[in-house]
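A.B. asks: return a 3D structure for these sequence lines:
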Amino acid sequence: MKLTVIVTSTRPGRVGKAVADWFYDYARENSAGFEIDFADLQELDLPLYDEPRHPMLQDYEHAHTKRWSQIVASSDAFVFVLPEYNHTMPPSLVNALDYLYKEWNYKPAGFVSYGGISGGIRATETAKLMLNTLEMVPVKQQVMIPMVAEHLENGIFKPTDIHEQSAKTMLETVIRWASSLKTMR
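C.D. replies: All right, here's what the predicted structure looks like:
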């Protein structure tokens, strides 16, 4: 089975890639039996939703949508690495989620959130609402990184013990859900 780590921030100067790189490496070392993949919304460069037909039909016209569909469809679980923008998730994630429907169904999602004092917790809460409408299972366990800038050294994220323990708990939960939901897919 495959877990895809998705870095959702696309803005210049983002720190999300450093956080996602840490979690990706952590997951590769601590997810026995799972293949770990990586997707970066900045690299995918999805334009504002531009498909002429509803995503539920899966009748995609554009190459970027077909590529995104393949990445999501081939995954059994996701971990979204997301910042908090104005007390909500980044618009790049909203757009990426809106591109597809059935490819997301019956798959679990975990979160590694970061930001200022709130650690991105409000972004996670808003993302969970949207994921529920896509028939996904967002797990409650997550990695929350308040004051993320204090954990960066030369552009590399340096986790604390609590970050690693949270990552362990969340990853174990996502893997259990992915195994259980496989029968529904």
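A.B. asks: which helices and strands does the longest helix along the chain pack with?
C.D. replies: Ranked by residue count, the top helix of the chain under DSSP state H comes out as helix 161-181. Here helix 161-181 touches strand 2-7, helix 16-30, strand 77-83, strand 108-114, strand 143-145, going by 3 or more Cβ pairs under 8 Å, 6 or more residues apart in numbering; DSSP states H and E. For every residue, glycine as well, the C-beta is placed using N, CA and C.
A.B. asks: export the ones you listed to TSV and tack on mean neighbour count?
C.D. replies: Shown next, in TSV, are the helices and strands packed on helix 161-181 (neighbours: other Cβ atoms under 10 Å):
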stretch	mean neighbour count
strand 2-7	22
helix 16-30	20
strand 77-83	27
strand 108-114	27
strand 143-145	24
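A.B. asks: how about these, which one is nearest Asp37?
C.D. replies: Among these, strand 2-7 comes nearest to Asp37, with 4.4 Å by Cβ to Cβ.
A.B. asks: so what's the residue positioned nearest the centre of the chain bridging to?
C.D. replies: Per Cα atoms, centre = their mean, the C-alpha nearest to the average position across the chain is that of Phe80, at 1.6 Å. Beta-bridge partners for Phe80, by DSSP bridges, are Ile6, Phe111.
A.B. asks: ok, the one 5 residues further on next?
C.D. replies: Each beta-bridge partner of Tyr85 is listed here, defined by DSSP bridges: Thr88.
A.B. asks: show me where pLDDT drops low in this protein?
C.D. replies: Applying pLDDT under 70 to the chain flags no residue at all.
A.B. asks: residue at max distance from the center of it?
C.D. replies: Pro52 (25.6 Å).
A.B. asks: and that residue, how far is that from Met147?
C.D. replies: 44 Å (Cβ to Cβ, to the nearest Å).
A.B. asks: what's in contact with stretch 3-16?
C.D. replies: 17, 19-20, 23-24, 27, 31, 34-42, 71-72, 75-83, 89-90, 92-93, 96, 114, 148-149, 152, 157, 174-175, 178 (Cβ atoms under 8 Å, 6 or more residues apart in numbering).
A.B. asks: likewise stretch 147-166?
C.D. replies: By Cβ under 8 Å, 6+ apart, stretch 147-166 touches 15, 18-19, 21-22, 26, 114-117, 119, 141-145, 167.
A.B. asks: thanks a lot, catch you later.
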